[in-house]
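Engineer: Curious how this folds, go ahead:
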Amino acid sequence: MKTKKTLWALAAAAIVLAGCSSPTGGGGSTVIANAAITLTAPVVGAVQGDSATAGEGANFTVGEVTWYPERERYFYYETEYLATVTLTANTGHTFTGGLTTATINGQTATVTNNTGATATLALEFPETAAPGAGPAVIASAAINVTAPVTGATPVTTATAGEGANFTVGTVTWNPADNPFEGETVYTATVTLTANAGHTFAGGLATATINGQTATVTANTGATATLTHTFAETEPELDPVIAAWRFTGTTSFGNAIVGPYNMAIQPSGGQQQADALLQFLTQSGSDLTPRVLSMVSIGVNVRNADNDASSGLDGLANNAWWQTAISTTGRTDIAVTWRMRSTNTAPRDWRLQYRIGGEGSWNNVGGTIALSPPTTPANTLNEPEQGRFLPPTAEGHEKLYLRWLMTSNVAPNGNPVQPGGTHQINDLTIFSGADPADFDNQDDQTGAINITWTGFTNPLLADGVTITGSATTGVITITAPDGAFTSIEWLNESLETIGNEATLSLFSADFPPLVTVRVRTVGSDRTYGIVFDTVTGNVF
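Structural biologist: This is a model prediction of the structure:
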């Protein structure tokens, strides 16, 4: 074993190597008369800890603990260990002329060096146990449990730190709510069982749960029960995350005030102060918010010059409604809304989500085609639309939602016109939804039944044939040799090979009703595709 002389020599050498400074005292500093710290005492097989704590209200900070002799990480049999630790006086305080009492674990410690600004304490612990002399005492226990969160299911498992000489039992909660309720104080109780050759008897001076002091309610030596009371849980979440519902122009007071109304705060919901609703248009990498106003009891999109409504012609896949919410602590999230487009405004829309401000957008179900508007004009009279978000949208600090305009087709089947007006209203984002209430039908899968109708003339132009396969989802347009000048699909030209052009419906992002415009040498005709799908819920 190490002798006291040897141990103190080692400690003194370390202090000299660390360097000494002159006492600073005086100058009106408050003298620290006593210092009490606590550290984990040596136990055979335990890790040599390097931390110590001071009592509440201490006017000094505690440095790392140094052990002599130092043998890798663990305490050995039949060894006397010396602990040294340096204290640093807080600003306006000094150890000079004071420190009449210094203790480590309640035992008188030796002050080996007092510079005024710092003081080093040392304490020699009794020799550790000999092999077979009896169980090693477990002096400290630190475990972690999942803290209570409103609406979460209580977790009944806990973990101990590396090198713990005990196992951790099941965590019980009081009160035993499942899930955790809001504004409630919960106490966790867990029993520890000492490993073979170890005991809690005469030890367990320090016990913590999640780094906070735990109460040892029972210590039999073989087992010890710890309890800890957590802070009150947050209030229960309002199921409605954000909602926009306007019943007249006077409700537009929730609009963000500025040169123009380009973003609207929710009229209700828990995130009423944070979520904003915008309508954005894209040109290249540039995004431009449109001015919003109240028309026909709904939020209306203005044109780029803010001198008329809409102006959404030609903006397929480059215009959308957008908002951002937090889904932290939320599950089973759904969205409902009502839209209204006049007969010359955009008909086809699709809900998408994105996690964070970057990355790709993800479809939620298929394209939604708006029906011709109801009369009298009132967005709240339009059919309610809804989508159930997938689990991947849950638990994010920021989740973006957008309603993308997916075609340049109006409810009357013709191209969108500059004067067409479009509104949204009764938009609600909420959690705790039942997926069975929503039909996230994806219109890009399933069997396709195709029929054709001529819009400008029920008859095909001379020599033009249009055929479609429900099996392959491919449509083929054929004209006499040399007759084609162009074919357009959703206002975009298709490549023609000779006298034929084809398009795969399965690979296109198409609405339930689309148009194909066929220009030949002698005619300019627009034809409509009508098809339906049979699918389950596809995200």
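Engineer: Would you map the strands across the stretch 301-450 of the chain?
Structural biologist: Using DSSP state E, counting those that start in this stretch, the strands of the stretch 301-450 of the chain run over 319-325, 334-341, 348-355, 362-363, 368-369, 385-388, 399-405, 422-430.
Engineer: Could you dump these into JSON lines with mean pLDDT and mean neighbour count added?
Structural biologist: Placement of C-beta: from N, CA and C, glycine included. Formatted as JSON lines, the strands of the stretch 301-450 of the chain follow (pLDDT from 0 to 100; neighbours: other Cβ atoms under 10 Å):
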{"stretch": "strand 319-325", "mean pLDDT": "95", "mean neighbour count": "23"}
{"stretch": "strand 334-341", "mean pLDDT": "94", "mean neighbour count": "23"}
{"stretch": "strand 348-355", "mean pLDDT": "93", "mean neighbour count": "22"}
{"stretch": "strand 362-363", "mean pLDDT": "88", "mean neighbour count": "17"}
{"stretch": "strand 368-369", "mean pLDDT": "89", "mean neighbour count": "20"}
{"stretch": "strand 385-388", "mean pLDDT": "92", "mean neighbour count": "22"}
{"stretch": "strand 399-405", "mean pLDDT": "96", "mean neighbour count": "23"}
{"stretch": "strand 422-430", "mean pLDDT": "93", "mean neighbour count": "24"}
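Engineer: want to throw the ones you listed into a markdown table with distance to D286?
Structural biologist: Shown next, in a markdown table, are the strands of the stretch 301-450 of the chain (distance: least, Cβ to Cβ, whole Å):
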| stretch | distance to D286 |
| --- | --- |
| strand 319-325 | 13 |
| strand 334-341 | 25 |
| strand 348-355 | 18 |
| strand 362-363 | 23 |
| strand 368-369 | 27 |
| strand 385-388 | 28 |
| strand 399-405 | 16 |
| strand 422-430 | 21 |
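Engineer: Mind checking these for the one nearest to E181?
Structural biologist: Closest to E181 of the strands of the stretch 301-450 of the chain is strand 422-430 (Cβ to Cβ; 19.5 Å).
Engineer: That closest one: how far from the chain's middle?
Structural biologist: On the basis of Cα atoms, centre = their mean, to the nearest Å, strand 422-430 sits 24 Å off its chain's mean C-alpha point.
Engineer: Stretch 396-409 too?
Structural biologist: Distance, centroid of stretch 396-409 to centroid of chain: 19 Å (Cα atoms, centre = their mean).
Engineer: Figure out the length between the terminal residues of that stretch.
Structural biologist: 35 Å (Cα to Cα, to the nearest Å).
Engineer: From A369, how far out is G413?
Structural biologist: For G413, the distance to A369 equals 10 Å [Cβ to Cβ, to the nearest Å].
Engineer: With F230 instead?
Structural biologist: Counting by Cβ to Cβ, the gap from F230 to A369 is 51 Å.
Engineer: One more: A194?
Structural biologist: Taken as Cβ to Cβ, the span from A194 to A369 is 69 Å.
Engineer: okay but N219 is in contact with L204, surely?
Structural biologist: Yes - counting by Cβ atoms under 8 Å, N219 touches L204, with 6.1 Å between them.
Engineer: Looking at the two, which one has more neighbours?
Structural biologist: Remark: of N219 and L204, L204 carries more neighbours, 21 against 18, as counted by other Cβ atoms under 10 Å.
Engineer: ok, the more buried one - contacts?
Structural biologist: Residues near L204 by Cβ atoms under 8 Å, 6 or more residues apart in numbering: I138, A139, S140, A141, V216, N219, A224.
Engineer: in what helix or strand does it lie?
Structural biologist: L204 is part of no helix or strand when elements are defined by DSSP states H and E.
Engineer: Looking at the contacts of L204, which is nearest P126?
Structural biologist: For the contacts of L204, the nearest to P126 is A139 (12.5 Å; Cβ to Cβ).
Engineer: Next one, pLDDT for the closest one please.
Structural biologist: Looking at A139, its pLDDT is 84.
Engineer: where in the chain is pLDDT low?
Structural biologist: 1-27, 45, 71-73, 132-134, 202-203, 248-260, 271-273, 294-296, 440-477, 479-539 (pLDDT under 70).
Engineer: Show me the helices in it, by range?
Structural biologist: Counting by DSSP state H, the chain has these helices, from start to end: 4-18.
Engineer: quick check, distance from stretch 322-331 to the centre of its chain.
Structural biologist: 8 Å.
Engineer: going forward, begin numbering at 134 instead of 1
Structural biologist: Fine by me, first position is 134 from now on; the one you just mentioned is stretch 455-464.
Engineer: if we look at it, which residues are touching it?
Structural biologist: Outside stretch 455-464, the residues that reach it (Cβ under 8 Å, 6+ apart) are 282-285, 370, 374-375, 404, 407-413, 466, 524, 526-536, 562, 564-565.
Engineer: can you rerun that using 7 Å?
Structural biologist: Stretch 455-464 has contacts (Cβ atoms under 7 Å, 6 or more residues apart in numbering) with 282, 284, 370, 374-375, 404, 408-411, 413, 466, 526-535, 562, 564.
Engineer: Over to stretch 287-295?
Structural biologist: 275-279, 299, 301, 303-304, 306, 311, 313, 323.
Engineer: With respect to F258, which of these is nearest?
Structural biologist: A275 (20.3 Å).
Engineer: For the closest one, which non-adjacent residue is spatially closest?
Structural biologist: The shortest distance from A275 to any residue other than its chain neighbours is 4.7 Å, reached at T341 (Cβ to Cβ, 6 or more residues apart in numbering).
Engineer: How many residues are close by the one you found?
Structural biologist: 16.
Engineer: beta partners of it?
Structural biologist: Residues in a beta bridge with T341, per DSSP bridges, are A275, T346.
Engineer: how close does it sit to R471?
Structural biologist: Taken as Cβ to Cβ, the span from T341 to R471 is 54 Å.
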